[in-house]
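Peer 1: Give me the fold of what follows.
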Amino acid sequence: MQIPVFLQTTGLLILSNVFMTIAWYGHLKNMSSKAWWYAALVSWAIALFEYLLQVPANRIGHTQYSLAQLKILQEAITLTVFVPFAMFYMGEPFKLDYVWAGLCLVGAVYFIFRS
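Peer 2: Numbers count the residues shown, from 1 in each chain. As a prediction, this is how the structure comes out:
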């Protein structure tokens, strides 16, 4: 049984975003006492896994979706991954702005996929 392109693409993009978010922001909590170049090297190592998932996700997705659709999907997934990371891992408080940003992205997804 073949997994639909949308599910393959979305699943891989979600996983890649987890790695990307950790690579971009995790060092702020875990390595604040380390030199910036050390944090950059560790982040690059983590980002490798992001790319190993993101590149196939976009190649699979591009068989059925436009570049703009892939980008908007990526941005919606980024916010979906980032908000729980910020709140639960980094200890940031929930902000109503997350809801408004999310609604804007839902609108973006609607408009880019409607045709």
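
Peer 1: what's the spacing between stretch 11-24 and its chain's center?
Peer 2: 5 Å (CA atoms, centre = their mean, to the nearest Å).

Peer 1: For it, buried residues please.
Peer 2: Neighbour-count burial for stretch 11-24 flags 12-13, 15-23 (criterion: 16 or more other CB atoms under 10 Å). For glycine as for every other residue, the C-beta is placed from the backbone atoms N, C-alpha and C.

Peer 1: repeat for stretch 64-73
Peer 2: Buried-residue list, stretch 64-73, by 16+ other CB under 10 Å: 65, 69-70, 72-73.

Peer 1: Which two of these have the greatest separation?
Peer 2: Tyr65 and Ile72 (9.6 Å; CB to CB).

Peer 1: Mean confidence (pLDDT) on stretch 92-108, please.
Peer 2: The pLDDT scores in stretch 92-108 average 91.

Peer 1: ok, and what's touching that stretch?
Peer 2: 72, 75-76, 79-80, 83, 86-87 (CB atoms under 8 Å, 6 or more residues apart in numbering).

Peer 1: Next step: the buried residues of stretch 64-73 restricted to helices.
Peer 2: Under the assignment DSSP state H, those contribute 69-70, 72-73 to helices.

Peer 1: For these, give me TSV that also has pLDDT.
Peer 2: Listed next are these as TSV, based on pLDDT from 0 to 100:
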residue	pLDDT
Gln69	94
Leu70	95
Ile72	92
Leu73	93
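
Peer 1: I am finished for the moment; much appreciated.
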